[in-house]
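> Next come a sequence and a model predicted from it.
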Amino acid sequence: MTSRFVIAAGLLVTAAAIIACAPQHQVSGRALYMEYCASCHGADGRGDPEAAQALGKMPADLTRISARNGGTFPMVRVMSVIDGYTRRGDRSSVMPELGPILQEGPLVMLELDDGTVTPTPANLVALAEYLRGLQR
């Protein structure tokens, strides 16, 4: 059992080293937002009334996410909605699953609320951080 633990620990250290040594490139959350989100949520994140006509309902006001969550920005939940994880099988959702698109590129180590650190697509983190910056 001890040798399995040593092997597992070695694999984790190797994976962390690979991620840490991966070439860094700047990911623009704003550019990702403008490319994938602004057509429905508007350039300012408040929802686009013209898109609402085509969709049959008003897209969410992304500037009020924290306000709808007691003043706290729910980073992990926001990323889950963006990538589609929490919406799989929800036929009423008109928002596309962006997970496959945002997985391209490097990973970054993201610390979750419970202290767990997990490799996460840099594009997904950048987009969620941009949304955090839109809060009012």
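That came through fine. Numbering: from 1, shown residues only.

> Using the three-state scheme, assign Pro119.
Secondary structure assignment for Pro119 (DSSP: H, G, I helix; E, B strand; the rest coil): strand.

> correct me, but it touches Pro106?
No - counting by Cβ atoms under 8 Å, Pro119 stays clear of Pro106, with 9.4 Å between them. The way it works is simple: take the backbone N, C-alpha and C, and place the C-beta from them, glycine included.

> And the strands in this protein?
107-111, 117-121 (DSSP state E).

> Quick one: these as JSON lines, columns for mean pLDDT and mean neighbour count too.
Compiled in JSON lines, these are given as follows (pLDDT from 0 to 100; neighbours: other Cβ atoms under 10 Å):
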{"stretch": "strand 107-111", "mean pLDDT": "95", "mean neighbour count": "16"}
{"stretch": "strand 117-121", "mean pLDDT": "96", "mean neighbour count": "15"}
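
> Of all the ones you listed, which one is nearest Tyr85?
For those, the distance to Tyr85 is smallest for strand 117-121, at 11.9 Å, taking Cβ to Cβ.
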